[in-house]
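1. coords please:
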Amino acid sequence: MTRHYNFCAGPAALPVAVLERAQAELLDFQGRGLSVMEMSHRSDEFVAIAERAESDFRHLLGVPDNYRVLFLQGGASMQFAMLPMNLLGQGGSGNFIQTGIWGKKALSEAKRLGFACHVAASSEANGHMMVPQLDEIDVSDDAAYLHYTSNETIGGLEFDYTPHVQRTDGANVPLVCDMSSNILSGPIDVSEFGVIYAGAQKNIGPAGLTMVVVRDDLVGKARATIPSLFDYKMLAEAGSMVNTPPTYAWYLAGLVFEWLKNDIGGLAEMDAMNQRKADKLYAAIDSSAFYSNPIAKHNRSRMNVPFVLADSALDKAFLQQADAAGLLNLKGHRSVGGMRASLYNAVPESAVDALIAFMADFEQTRG
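-> Below is the predicted model:
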């Protein structure tokens, strides 16, 4: 069997070491004679798996004790609804920074549910090529939180700072961040945020799991009428097991956390690797007259690198030949076209080297 290089934006590449361990334990988990997929989520064995995964996740990110860590279903898109339901139950408005498609979806869902919303800043005027500066963010007087997407997966636009803001009355506005495509790519200070959420299928594990990290003071603000499966307080009190959780995805995420801790050595080491991968690919793009990336350099995503060919008529040939060379899933999102190479944690540096070599060869023969 030959494994190819997978540049998919999600579901994305998983570490080979994780896949091999999951394969070894698939039929018989640690001598129990059954698969994790077959275990009761209430069993001692699975509870131990769940607790170890949470402990490792907390260790990697340095999650303070006054934060709850939830392992949920529904994808990050479900959080677009759960967040206002939980944080606006006692009034106020959700404030949003718009830097692309996912931030727009988060705003639209909150509006759809009838909650008060305010666009505090937007990069729409510059075509989402550069994030708004801190002094351009104007929150409402009743802001209950400020939501932003730290890395827009589709457009390849990433914040280079953390947007701390205050209301006119001097109150700090809790930050809510969609980190779906760059969580665990390097160290962060969790204490700067009120809520962090992320779909698993990029840097955490397989699709079907969503991580939510929520500060204690933001739990318990929902109206009593929201569904129990949407209530952060009920979910936290039940250890994310109000109903049957996505047990196998939770187990696989735990293996990824172990891999990051033990094989990689932690998020500082992962950060250095990711920076090196991104620097290489952007250098190859910038040194070429055949490929280009339009994002402002200080806001270029390290995780999702979009690029276009000088002649879009060659896109189909590029993708066909890349696929034949074992470089998979390089087609850009349907809304923007072009190419996109996602360089998540599990994408090895050798994959980036292979892509750069292919791009140079394609330019030489077709440019």
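
2. Residue 4 contacts residue 326, doesn't it?
-> Yes. At 3.8 Å, residue 4 and residue 326 qualify as touching, with contact defined as CB atoms under 8 Å. (Glycine included, C-beta is placed from N, CA and C.)

3. Could you pull out the strands in the protein for me?
-> For the chain, the strands defined by DSSP state E cover 5-6, 67-72, 93-98, 117-122, 143-149, 151-152, 157-158, 175-178, 195-199, 210-215, 291-292, 304-309, 327-328, 339-342.

4. Comparing those, which comes out most buried?
-> Most buried of the strands of the chain by mean neighbour count (mean count of other CB atoms under 10 Å) is strand 151-152; its value is a mean of 28.

5. I would like the residues contacting that strand, please.
-> With contact meaning CB atoms under 8 Å, 6 or more residues apart in numbering, strand 151-152 is reached by 99-103, 128, 157-159, 179-182, 301, 303-304.

6. Between those, which sits nearest residue 20?
-> residue 303 (24.2 Å; CB to CB).

7. Return the distance of the residue nearest to residue 315 when sequence neighbours are not counted relative to residue 318.
-> With sequence-adjacent residues excluded and distances taken as CB to CB, 6 or more residues apart in numbering, residue 315 is closest to residue 309, at 6.1 Å. In this structure, residue 309 lies at 6 Å from residue 318, with CB to CB, to the nearest Å as the measure.

8. Over to residue 107?
-> The gap separating residue 107 from residue 318 is 34 Å, by CB to CB.

9. Now for the closest residue in space to residue 144 that isn't next to it in sequence: which residues touch it?
-> Counting by CB to CB, 6+ apart, the nearest residue to residue 144 once its immediate chain neighbours are dropped is residue 92, at 3.1 Å. Contacts for residue 92 were tallied using CB under 8 Å, 6+ apart; they are 116, 142-145.

10. I'd like those residues laid out as CSV, including distance to residue 133.
-> Output for the contacts of residue 92, formatted as CSV (distance: CB to CB, whole Å):
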residue, distance to residue 133
116, 25
142, 23
143, 18
144, 23
145, 20
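
11. For residue 314, state which of these is nearest.
-> Proximity of the contacts of residue 92 to residue 314 (CB to CB) peaks at residue 145, which lies at 44.9 Å.

12. which residue is nearest the centroid of the chain?
-> Nearest to the geometric centre of the chain sits residue 180, at 1.6 Å (CA atoms, centre = their mean).

13. Quick check, that residue in contact with residue 207.
-> No. Between residue 180 and residue 207 no contact is recorded; they are 11.3 Å apart, counting by CB under 8 Å.

14. overlap in contacts of those two?
-> If you check residue 180 and residue 207 against CB under 8 Å, 6+ apart, the residues they both contact are 10, 199.

15. which of the contacts of strand 151-152 has the most neighbours?
-> In terms of neighbours by other CB atoms under 10 Å, these top out with residue 181 at 30 neighbours.
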